[in-house]
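> Pasting a predicted model and its sequence here:
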Amino acid sequence: MQSTELGNKESGKIWHRKPSPLTRDGIIVNIIHNTSDYHPKTLRFLNVAFDGSGDCLIAGDHQGNIYVFDLQSNRFNLVQRTTQACTALAFNLHRKSEFLVALADYSVKCFDIVTKELVSWMRGHESSVFSISVHASGRYAITTSSDTAQLWDLDTFQRKRKLNIRQSVGIQKVFFLPLSNTILSCFKDNSIFAWECDTLFCKYQLPAPPESSSIIYKVFAVTRDGRILAAGGKSNHLHLWCLEATQLFRIIQMPTKVRAIRHLEFLPDSFDAGSNQVLGVLSQDGIMRFINVQTCKLLFEIGSLDEGISTSVISPHGRYIASIMENGSLNIYSVQALTQEINKPPPPLVKVIEDLPKNKLNASDVKMMVPSGRVQRPTKSRDSKIQTRILKQDLTGTFENKENELSDGLNKKRLQILLKGYGEYPTKYRMFIWRALLQLPENHTAFSSLIDKGIHEAFINLQKQYPIKSRKLLRVLQRTLSALAHWSAIFSDTPYLPLLAFPFVKLFQNNQLICFEVVATLIINWCQHWFEYFPNPPINILSIIENILAFHDKELLQHFIAHDITSQLYAWPLLETVFSEVLTREEWLKLFDNVFSNHPSFLLMTVVAYNICSRAPLLNCTLKDDFEYFFHHRNNLDINVVIREVYHLMETTPAHIHPDNVLDVFVALTKGQYPIFNQYPKFIVDYQTQERERIRKDELDYLRERQAVEDMHAEVDQQRIKDEAWYQKQELLRKAEETRREMLLQEEEKMMQQRQRLAAVKRELKIKELYLQDAARRRFLKLQQDQREMELQRLDDEIERKVQMRDQEIATTTKDLEMRQLELESQKRLYEKNLTSNQEAIAKEIKEDADAYRRKVDLEEHMFHKLIETGQTQSRKTQKIIEENLAKAEQACLNTDWQIQNLHRQKCNDLQRNEGYREVANLLRKNRRKESEVLNAMMEEEAKKWKEAEEKGFHLRSEKKASALSDESRKWFLQQEMSAALEHAENPCNKAEVLQLQNERVTLSSLPRTSELNDISDMDSSTQISLNRKTREWDSMEQNLIKKVRNLRQRLTEQARERCRTPHLLTT
């Protein structure tokens, strides 16, 4: 068992030598994470998860370090440091480089293992997340805590649904069923529900377990086809549910040592179509037992009492088991090693009786091994007579039996009988049978020494010649071909070797040692005499094929000869590709089941049989391109017919042309070291090697000479460029000196003209500003006057409308009173008519009615007056408040409009001034930049010509000083102007005060503005006074009108009361 310590390394190899796990424990590697600090400590792994391929797993420790272990490439990498303990992991998302990790702060994060960056952060749980289940498509995930389960969309990382439950019923686990769209939710009260993922419709609920079993479910596992659910808890019983029938169909009792079940997981198998039969059960003692749920037999177990297992995960393809031990380390087990004893083929039923040595065979000394299994009884003849046979001494049979006996208890004769009966070997055991037939030695040390030599130079650019899409397959093919080239030098020059080895590389890409030994065995036995005419095709082998074809189908051979088709066209393409171009995968495997089970001549007979079975389409071909296409592409041909034809040719071919006379019998590779392969013309290979080395040296010499010439050309060009640059620079300096004087004169003239234009523009702008201010003031006054007139007109219209409404109310009240008077007169006449008949009773009733009516009228009058007074008071107050607020709002709106216009005008003026300042500043900067360039050019020219003009030094120094003084004075003047301009731009409010110190005209120009402001303020105050006066007049007029209306109502009320008193007076 190999052990790997991660330490503080962020990447490295998982194991340093190829693991060979023992059958008893099956451990590939034990991974420990120890810190290399002053006080070293072990960082315990907490969770582990496999990706979808099963060759890569991810593990996290209690300090938040996330490691990725690639078992295929033998590498580990630290992909993230979360600084928090991880509580759950998931690594089978639809984006293969991303994984989910649940942390101790109740959050779930998504990271990328390639960029090592945070992709998303999902929050929403209020307790620790202990389970993450990912949909089969990898686009949805369910995170489960003790109080809730949440469904997430992994494309947008948004929460889609949330499962809330009562506090009394906790959640045990919520997960997706494999390869389906169903969610299974398991609760602490043993209730299990199945939901549709899209609609969350409840599909079914499993019934309660039987009362006899007091088990409380805590752990669950589902088969790959989603049909069987295994559930367990604090008991040694396992419940198996059929999810299709929704019923409990089996209860399995574990051994008495198992008191509680901590984890369940089915072991996948590639040949059971998802109906997994093997279940791993982790119990409280830290031992994980794997049982067959159909036969209820214990198959194997991992872990022990000393090294207990905390949790385990099985890869999707069922090759590896990753277990976190109780001490915090990580163990990776090989399922193949653990199941090696189980998957062994049964012992043969036929046992061989061996002879005694030295021909000393006595009847009393013969011993026979009785085979296990059923007893083979002798058959009886028809006349019921038992036929007896005498065992004779046969020494040749012993050697034949030894020759037919293969490794791993297999017998070649029995395999051939099985092959003839079924036509092929079982798919599950094919590779095992091939390894036994080819007697592969599995020389790990010799193969490692060949691999360690690296990629052979002949196959470095293999991808250009054979562009293979799979990088893994290309890498395995390169290594296999390089190992063959290092084994024998001829294979580095064999052009058809990649075609020969590719089907075996594709078949054994996960085991490079077996792939290499199969190809080497094929070359030694089935490719005999292929390299005698190297580098030409094997003419001797092709001649044998042509002779056999001439014997069995002379017509077809004559057709080939008639159309100039040689054996290099109809036989060699099939041999160099070992039929991989013309057969499908299943047909090719079936063919090589027969090739490896027979004499090496079987492959040559297959070529002849393929041509004979295809004679009908071949006889119809007349063009050479058609023949080439036929032997390089798949054709409509039954492989079973071809194989039968091969066996027929093997039996009917005469001995003088049979390949058995030329080809030797099968010879296996030697164990320990591979045999020397030198069956080729060595002088040709050596000559080609020498020529290749000579060509390589010539190429190197040519490249060196060409590089030297290119370097010389580059140096010459560089020197020429430097010379041209120096002359150009001198010419530029001369021209710059000439243009400088012209530029200075032009710039001075431009500056004078610009200053004159700037002063004129300033005057025009000032005049325009005053004119615009005056026009704006007049426009504003007119607008304000129009608004006042419109307001007065509106108030007059409102008063007239109110007066009309009050007149209408008075007229309506008058009509009502007249109607009431008419009614009273009619009642009076009625009373006078009935007075004579019943005077006393009527007088009494009239008196009571008159009193009640009077009280009623008083009450109504009181309420009417109170209502009128309340309504008038409230309306008057409301109207007054509204009018005051309206006047205030209008005045505020006018003031705001005036301020906005004033500010807008000031801003426009500031922008115009800023544009003028920027133009002047740009001109000043350009002038300074050109002066600095000219000054620098003059200084460089002065430095170069210093030695030539020493006599003019004093004169130049004086001119330089004068120029420097003038530049300084000009710079000082420009800086002063710029500072003044900046202060002016920063303080526009104090413009008048700053300009007053420099120019009196600006001070005078600022006076109209202040006077204008005073005029505007005076006008506003006068307008305000006039508005207040108008408002007081309107209030007095309104009060007078209200008084008149009130007096009129009082008079009408008194008249009504007098009319109501008249009936009462009549009764008295």
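All right, it came through fine. Numbering: from 1, shown residues only.

> now N640, nearest residue through space, not along the chain?
G423 (6.0 Å; CB to CB, 6 or more residues apart in numbering). Placement of C-beta: from N, CA and C, glycine included.

> quick one, longest helix in the protein?
Taking DSSP state H as the criterion, the chain has its longest helix at helix 682-835.

> just checking, what packs against that one?
Judged by 3 or more CB pairs under 8 Å, 6 or more residues apart in numbering; DSSP states H and E, helix 682-835 is in contact with helix 839-944, helix 1000-1067.

> which strands and helices sit next to the next helix or strand after the first one?
Under the assignment DSSP states H and E, the closest C-terminal helix or strand after helix 839-944 is helix 953-986. In this structure, helix 953-986 packs against helix 839-944, helix 991-998, with contacts taken as 3+ CB pairs under 8 Å, 6+ apart.

> Check which helices and strands the longest one sits against.
Packed against helix 839-944 by the contact rule (3+ CB pairs under 8 Å, 6+ apart) you find helix 682-835, helix 953-986, helix 1000-1067.

> I'd like the average pLDDT over that helix.
On average, the pLDDT along helix 839-944 is 77.

> Same check on stretch 439-447?
87.

> hmm, who's touching it?
Stretch 439-447 has contacts (CB atoms under 8 Å, 6 or more residues apart in numbering) with 18, 20, 406-407, 483, 512-514, 516-518, 521, 668-674.

> Show me these that map onto helices.
Among those, the members falling in helices (DSSP H) are 483, 512-514, 516-518, 521.

> Just the C-alphas of stretch 622-642, formatted as CSV.
Presented in CSV, the C-alpha positions along stretch 622-642 are these (Å, rounded to 0.1, in the frame of the first residue of the first chain):
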residue,chain,number,x,y,z
THR,A,622,-12.9,-2.6,-63.3
LEU,A,623,-11.2,0.6,-62.1
LYS,A,624,-8.2,0.7,-59.8
ASP,A,625,-9.8,3.5,-57.8
ASP,A,626,-12.8,1.3,-57.1
PHE,A,627,-10.6,-1.5,-55.8
GLU,A,628,-8.7,0.9,-53.6
TYR,A,629,-11.9,2.3,-52.2
PHE,A,630,-13.3,-1.3,-51.6
PHE,A,631,-10.3,-2.4,-49.5
HIS,A,632,-10.2,0.9,-47.4
HIS,A,633,-13.9,1.2,-46.5
ARG,A,634,-16.5,-0.9,-44.8
ASN,A,635,-18.5,-3.2,-47.0
ASN,A,636,-21.8,-5.1,-46.6
LEU,A,637,-20.3,-8.5,-45.6
ASP,A,638,-21.2,-10.9,-42.8
ILE,A,639,-18.2,-11.6,-40.6
ASN,A,640,-19.6,-15.0,-39.6
VAL,A,641,-19.5,-16.1,-43.2
VAL,A,642,-15.9,-14.9,-43.5
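
> Any buried residues in that stretch, and which?
By neighbour count on 16 or more other CB atoms under 10 Å, the buried set for stretch 622-642 is 627, 630-631, 639, 642.

> what do you get for stretch 605-624?
605-614, 618, 621.

> can you give me how far that stretch is from the chain middle?
53 Å (CA atoms, centre = their mean, to the nearest Å).

> Now the terminal residues of it, how far apart.
24 Å (CA to CA, to the nearest Å).

> Now do it, average pLDDT.
pLDDT averaged over stretch 605-624 gives 90.

> Just want the angle from the longest helix of the chain to helix 839-944.
Relative orientation of helix 682-835 versus helix 839-944 (axes from the mean of the first three to the mean of the last three CA atoms, to 10 degrees): 150 degrees.

> avg pLDDT for helix 682-835?
85.

> what's the answer for stretch 217-227, then?
For stretch 217-227, the mean confidence score works out to 90.

> Centre of the chain to that stretch, how far?
28 Å.

> returning to that earlier point: closest one to P316 among the helices and strands packed on helix 839-944?
helix 682-835 (47.2 Å; CB to CB).

> hmm, which two among the buried residues of stretch 622-642 are most spread apart?
Every pair of the buried residues of stretch 622-642 checked by CB to CB; the farthest is F627 and I639, at 20.9 Å.

> Give me the secondary structure label for I291.
strand (DSSP: H, G, I helix; E, B strand; the rest coil).

> On the pLDDT front, check it for me.
In this prediction I291 is given a pLDDT of 92.

> Farthest pair within the ones in helices among the contacts of stretch 439-447?
Among these, the pair separated by the greatest distance (CB to CB) is Q512 and T521, at 14.9 Å.

> could the helices and strands packed on helix 953-986 go into JSON lines alongside distance to L765?
JSON lines is the format used below for these (distance: least, CB to CB, whole Å):
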{"stretch": "helix 839-944", "distance to L765": "7"}
{"stretch": "helix 991-998", "distance to L765": "13"}
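
> Can you say which of the ones you listed is nearest to E715?
That would be, of those and by CB to CB, helix 839-944, which comes in at 25.4 Å.

> Report the angle between the closest one and helix 953-986.
Using the same axes, to 10 degrees: helix 839-944 against helix 953-986 is 180 degrees.

> chain center to helix 839-944, what's the gap?
So, by CA atoms, centre = their mean, the centroid of helix 839-944 is 57 Å from its chain's centroid.

> related to what we said a few turns ago, is it possible to get JSON lines of the helices and strands packed on helix 682-835 that adds distance to R471?
Compiled in JSON lines, the helices and strands packed on helix 682-835 are given as follows (distance: least, CB to CB, whole Å):
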{"stretch": "helix 839-944", "distance to R471": "59"}
{"stretch": "helix 1000-1067", "distance to R471": "82"}
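
> Mean neighbour count and distance to S275 added to these, as TSV?
Formatted as TSV, the helices and strands packed on helix 682-835 follow (neighbours: other CB atoms under 10 Å; distance: least, CB to CB, whole Å):
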stretch	mean neighbour count	distance to S275
helix 839-944	13	83
helix 1000-1067	13	97
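
> I'd like to know which of those lies nearest to E818.
Using CB to CB, the nearest of these to E818 is helix 1000-1067, at 10.1 Å.

> wait, doesn't W526 sit right on L603?
Yes. W526 is within contact range of L603, at 4.9 Å (criterion: CB atoms under 8 Å).

> what sits in contact with each of those two?
Contacts common to W526 and L603, judged by CB under 8 Å, 6+ apart, are V595.

> okay, those two: which has more neighbours?
L603 (26 against 21; other CB atoms under 10 Å).

> Torsion angles phi and psi at the more buried one?
phi -70, psi -40 (degrees, to the nearest 10).

> wait, what's in contact with it?
By CB under 8 Å, 6+ apart, L603 lies in contact with 526, 575, 578, 595.

> In the stretch 351-500 of the chain, where is pLDDT below threshold?
351-409 (pLDDT under 70).

> Can you list the residue ranges for helices in it?
395-404, 412-422, 430-438, 444-452, 462-465, 471-487, 497-507 (DSSP state H, counting those that start in this stretch).

> could you dump the ones you listed to JSON lines with mean neighbour count and distance to L783?
Converted to JSON lines, the helices of the stretch 351-500 of the chain look like this (neighbours: other CB under 10 Å; distance: least, CB to CB, whole Å):
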{"stretch": "helix 395-404", "mean neighbour count": "12", "distance to L783": "122"}
{"stretch": "helix 412-422", "mean neighbour count": "14", "distance to L783": "109"}
{"stretch": "helix 430-438", "mean neighbour count": "19", "distance to L783": "102"}
{"stretch": "helix 444-452", "mean neighbour count": "15", "distance to L783": "98"}
{"stretch": "helix 462-465", "mean neighbour count": "12", "distance to L783": "86"}
{"stretch": "helix 471-487", "mean neighbour count": "20", "distance to L783": "82"}
{"stretch": "helix 497-507", "mean neighbour count": "20", "distance to L783": "93"}
